[in-house]
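In: Kindly return the folded structure for what I paste below:
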Amino acid sequence: MKDERAKKFKQVNHSVTKIDALQLALGKDSYVADFVPRNALVVKMLWSPHAHARIKAMDVTAAEKMPGVKGVLWHGNVPRNVHCTAGQGFPEPSPYDTFMFDNKVRFVGDRVAAVAAETEEQALAALAAIKVEYEVLKPVFTLDEAMAPGAPVIHDEKEAHVPIPIPYEPKKNLVAHVACEAGDFEKGMKSADFTFDETFETPYAQHCPIEPYTSLAQRASSGRIVITTSTQVPFHCRRIVALTLGIPVQQIRVIKPRIGGGFGCKQEILLEDVVAMFALRTSRPCFWQFNREETFRTGRTRHPFRVRIRAGVKKDGTITAIGMDAINNTGAYGGHGLTVVSCAGSKVLPLYHCDNIHFDGKSYYTNLPVAGAYRGFGATQAFFAMESVMDEMAEAIGMDPMKFRQMNHIKSGEGSPIFAALGEGREGTPMTVGSNALAECIVQGAEAVGWKNRADWRGKTGRFRRGFGMACLMQGSSIPDIDMGGAMIKINDDGSFNLNVGATDLGTGSDTVLAQIAAEELETTTDKMIVYSSDTDMTPFDVGAYASSTTYLSGEAARKAAADAKRQILNTGAEMLGLKVEEVHCEDSHVLSADGSKKVSYGDIAKYSLYQKNQYQIIGTASHITKKSPPPFAAHFAEIEVDTLTGFIKVLNYISTIDCGTAVNPALCEGQTDGGTLNGISYALTEEYLFENGKMMNASFSDYHIYSMRDRPPVKSILVPSYEDTGPFGAKSVSEISINGAAPVFANAIYNATGARVREFPFTPERVLKAIQAVGKK
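Out: Take a look at the predicted model:
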C-alpha cells in the first residue's frame, strides 16, 4: 500500500517524460562519437597475443615513419606511473598495479603499443609494422592454479601496492582478503538438525553496452586537455588520468555526454589516459572507440566466483549457522577485486536471521580478462549460492521454500552484525532496516506466478516437466560515510531553474529523476528544470553512477540544494509581499500568504532579486553523504518447462517484485526492473566466455548470445511501495537488485521440475541434461 506521504507528491512518484527523450528520439548529437571533429586522429592499439609474457624488445621506428602516423606510444616513451583503473573512492580500495604501458603483458588483450594516425587504415597498418619480441611465461588460468604453492607470479613489479591497509600479497597472486565472524559458527553448525556444505561456480560475463568504450581528447585554447568520454565516473576519471600522465588535475576537464549503456563497465578508466596523452603530444583531437571484439576481450567483465555455503537448520525452521567462503577471479588486474568479494557477503548475509555467521572472501589474479564492476557487484554471484541452499534447507525440514523465507527474512527495525562488519575497504556501518516491503513482495509475487500450483518433482513424469522457483534479494543504496554527491540550483528571470549535478546519467533517467526531486522540493514543475550534469569544470563533485547511489545519494543532494534555494525564494517573496517569512509558503511556482490572498510568482521574485532591490542571485548549493545504505528488497518467481530429453529450458512466466521505497518515476523504475531481470535471465541461461589458451574464442554477438526483445520471455515487474525516511521523498535504489534473481530462481525451478540440482551456470541444455541424467543414475 502506498504511503500517505507519497500520495501527496505532485512531481515525485509520477512517470514524467525523460528530459532527454526528444533529443534522443530525433537522433540529435548526443554521444561521444557525435562530437568528433573532422581533423581528429584515430587511435588504435596493438594488443598482446599472449596470456603471460615479458616484452624483451620492441621496435616502433617503422611505424612512426608510416604515412599519416602522428604518434606511437609504448612503455619506452611514456611515464611509468602506477595507478588503479577502477573509478572508486580515494584512496581506492584496489591495488595500484597498472601502468599506461608495461614491459610485461598479463592477458590476451593487454596493451602493447598505441598509434594515432589520420585514418583507421593508416593506424592499423602502423600497428602491423611494430616489431615485438616476447618471452612467453607460464600462464595462470584457474583459481586453483593461482592459489597453488609456487604458482607463477602475475604481478612481480616492485611498484604494485594498495593505498589502504588491507591484505595484498601479489607474490601469492592474492589481490584481497576480507573476513568476519558473528556468534559461534561451529557451535551453530553442531546445534543444527540438518547441515549443508555445497560449492557453486559462476561464470564470466560481459556488460554488452550498445555503445562500446569511447573517448575523445583535445587541447583547449588554454592548453588544457578536454576529455569527452563515455564514463560513469567523470571526477574519478579526471583524477586517474592526471596521475597516469603525471600532470595536475587542473589541466584536465572531463565531460560525459549521453551514454549508450554502462552497467558498471564504464566505471573503469580504459581509454582516457591514452587519448589524453596523444592529444598532449600532438595537439590534435584524438578519438578512440573499441570495436565489439575489443570490448569482449579487453573491456571489463563480471568476476567469476567460487562460493562455498555451509549452513545449519533446525526442524522448526530456525537457521542456526550460515557460512560463506567466496573466492573471485579478478583476472590480470585487481580493480574492484576487494569490493566485489566484500559485497558478496555484505549484500547477502544480512537477509536472513542467523546468530552464527562466518564469511571469508578472497580475490586472486589470473591471466584471464580483467573483471570489474558489473550490475549486482558480487551479490549476483553469492545469491545464486545462498538462495539455492535456502531451498535445500526448506526441503530437508519439509517446509514450503516460500514459507521458510517468510519465517526467516529480515524485517523493519531489525539489524545484522554483518552491516557493521563488512564495508568496502573498511568496516561497515551499523544499521537497522527502515523501509521493508519484502513480505508484501513475496505475497504479490507468489500470487502472480501461481505458486499454489507448485508440486514436488517426484510426482512428475513425461518429457516436458514444469517447475517453480523463487528467490529473495536485497542490495544497498550508496556506500555510507564514503561517497558524496553535490548539486547546485539557481533561478532564472522567468522562474525556471538551472540544476547542475555531478551525478552521471547512464541512460537510466537520473537527470530526470533529480529534476523531479528538485521540482517537488521547490513546489514547481519538472519542465521548469534545465539540467546539466557530469562536467568536472561546470558541475559540483559527485562520485558517479555506481553502488546504486544516484537516486538515494545524489537525489538528496539535489533536494537539499532545492531547499536552500527555496529558503531564499521565501525570504524574497515575503519581502515583496510585505509579510514575515513565517507567514508565507510556496505552492505552484508562487510564494503565497497563508490564506492565499496575496501571491507573487517565482519569475517576479527572480526579476526582483536580480534587478530591483537588495539584488542577489538566488542559488542553492548542497552536498550529501549517507549514514546508512537502506536495502531495496525483491522477490523473484518463475515457472519454467524443462525438456528432459534435451535439457532445454523454456521460461513460461517470470515475476519481479521490488521494494525501492518511493518510486520517483514509476515508469523508469519498471524499466530498470524489466531490464535488470532480462539481463539476469540472459546471464543465467546463455552467457559464457569460451577460452583457448587464455584467448576468448567467442568475442562477438554471433557467438556470445545475449537476450534481445525477440528472446524475451513473459516478464512482469511489480513495484511494491515503502517509504525510506532517510531518502529523498522516501526513495531508495532500484537499478542493480533485479539482475540477482534469475540464476537462483532457475536453479530452484530446475530442481522442482526434475530433481536435478545444478550448481553452475549458465543453464545450457548440455549442463541441465547432464544433471538430469545424474539424477536418473542415483
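
In: ranges for the helices of the stretch 201-350 of the chain?
Out: Using DSSP state H, counting those that start in this stretch, the helices found in the stretch 201-350 of the chain span residues 234-245, 272-282, 292-297, 337-346.

In: Can you name the residues in contact with the last one?
Out: It stands for helix 337-346. For helix 337-346, contacts defined as Cβ atoms under 8 Å, 6 or more residues apart in numbering pick out 88, 93-95, 166, 175-176, 178, 180, 303, 305, 307, 324, 326-328, 330, 359, 361-363, 371, 373, 377-379, 381-382, 418-419, 422-425, 428, 476. In this view, the C-beta of every residue, glycine as well, is placed from N, C-alpha and C.

In: With the first one instead?
Out: The list of residues contacting helix 234-245 from outside it, by Cβ under 8 Å, 6+ apart, reads 79, 81, 83-85, 87-88, 90, 100, 227, 229, 231, 248-249, 251-256, 267, 269, 272-273, 276-277, 280, 502, 504, 534-536, 541-544.

In: what's the angle between it and helix 272-282?
Out: For helix 234-245 against helix 272-282, the angle by axes from the mean of the first three to the mean of the last three Cα atoms, to 10 degrees is 60 degrees.

In: repeat for the last one
Out: Per the same axes, to 10 degrees, the angle that helix 337-346 makes with helix 272-282 is 160 degrees.

In: could you redo the helices of the stretch 201-350 of the chain as TSV and give each row distance to Asn752, mean neighbour count and mean pLDDT?
Out: Shown next, in TSV, are the helices of the stretch 201-350 of the chain (distance: least, Cβ to Cβ, whole Å; neighbours: other Cβ atoms under 10 Å; pLDDT from 0 to 100):
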stretch	distance to Asn752	mean neighbour count	mean pLDDT
helix 234-245	44	24	98
helix 272-282	48	24	98
helix 292-297	34	19	98
helix 337-346	26	29	97
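
In: how about these, which one is nearest Ser554?
Out: Of all the helices of the stretch 201-350 of the chain, it is helix 234-245 that lies closest to Ser554, at 12.3 Å by Cβ to Cβ.

In: Restrict the closest one to CA atoms and write it as PDB.
Out: Output of helix 234-245 as PDB, limited to C-alpha atoms (Å, rounded to 0.1, in the frame of the first residue of the first chain):
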ATOM      1  CA  PRO A 234      33.900  11.700 -14.600                       C
ATOM      2  CA  PHE A 235      35.600  13.000 -11.500                       C
ATOM      3  CA  HIS A 236      37.400   9.700 -10.800                       C
ATOM      4  CA  CYS A 237      38.400   9.700 -14.500                       C
ATOM      5  CA  ARG A 238      40.000  13.200 -14.200                       C
ATOM      6  CA  ARG A 239      42.000  12.200 -11.100                       C
ATOM      7  CA  ILE A 240      43.200   8.900 -12.500                       C
ATOM      8  CA  VAL A 241      44.200  10.400 -15.900                       C
ATOM      9  CA  ALA A 242      46.100  13.200 -14.100                       C
ATOM     10  CA  LEU A 243      48.000  10.600 -12.100                       C
ATOM     11  CA  THR A 244      48.700   8.400 -15.100                       C
ATOM     12  CA  LEU A 245      50.000  11.300 -17.200                       C
END
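
In: And the most far-flung residue of the chain relative to its centre, how far from Ser601?
Out: Taking Cα atoms, centre = their mean as the measure, the residue most remote from the mean C-alpha position of the chain is Gly578, 51.2 Å away. Remark: distance between Gly578 and Ser601 (Cβ to Cβ, to the nearest Å) = 16 Å.

In: ranges for the strands of the stretch 51-200 of the chain?
Out: 53-59, 69-73, 104-105, 111-117, 131-136, 174-182, 194-202 (DSSP state E, counting those that start in this stretch).

In: So Tyr696 sits against Thr295, correct?
Out: Not quite, residue 696 is Met, not Tyr. No: the pair Met696 / Thr295 is not scored as a contact, 10.9 Å apart, by Cβ atoms under 8 Å.

In: shared neighbours, the two?
Out: Common neighbours of Met696 and Thr295 are not found (criterion: Cβ under 8 Å, 6+ apart).

In: Show the pLDDT at Gly89.
Out: pLDDT, Gly89: 88.

In: next one: Glu424
Out: 79.

In: again, but for the one 4 residues further on
Out: Turning to Gly428, the model gives it a pLDDT of 89.

In: which ones are touching it?
Out: Gly428 touches 346, 418-422, 480, counting by Cβ under 8 Å, 6+ apart.

In: let's go with 7 Å and repeat that
Out: 346, 419-422 (Cβ atoms under 7 Å, 6 or more residues apart in numbering).

In: And those residues, which of them are buried?
Out: 346, 419, 421-422 (16 or more other Cβ atoms under 10 Å).

In: so which of the residues you listed comes closest to Glu556?
Out: Nearest to Glu556 among these, with distances taken as Cβ to Cβ, is Phe419, at 19.9 Å.

In: Now the helix or strand of the chain with the lowest mean pLDDT: buried residues?
Out: The helix or strand of the chain with the poorest confidence is helix 4-7; it has a mean of 86 (mean pLDDT, DSSP states H and E). Using 16+ other Cβ under 10 Å as the test for burial, helix 4-7 gives Ala6.

In: Now do the next helix or strand after it: everything it contacts.
Out: Moving toward the C-terminus from helix 4-7, the next helix or strand (DSSP states H and E) is helix 21-25. The contact list for helix 21-25 (Cβ under 7 Å, 6+ apart) reads 30, 258.

In: what's the average pLDDT for helix 21-25?
Out: Helix 21-25 comes out at a mean pLDDT of 96.

In: what element comes up after that helix heading to the C-terminus?
Out: strand 41-47.

In: what are the pairing partners of that next one, and which direction each?
Out: strand 111-117 (antiparallel), strand 286-289 (parallel) (DSSP bridges).

In: roughly how far apart are the spatially closest residue to Ile319 that is not a sequence neighbour and Tyr683?
Out: Nearest residue to Ile319, sequence neighbours excluded (Cβ to Cβ, 6 or more residues apart in numbering): Cys354, at 4.7 Å. Distance from Cys354 to Tyr683, counting by Cβ to Cβ: 28 Å.

In: could you point out the longest strand in the chain?
Out: strand 319-331 (DSSP state E).

In: Specify the angle between that strand and strand 194-202 in degrees.
Out: Using the same axes, to 10 degrees, strand 319-331 lies at 20 degrees relative to strand 194-202.

In: Adjacent strands (with direction) for strand 319-331?
Out: Looking at strand 319-331 with DSSP bridges, what it pairs with is strand 305-313 (antiparallel), strand 357-365 (parallel).

In: Tell me the buried residues in the first one?
Out: Put plainly, it is strand 305-313. 305-307, 309-313.
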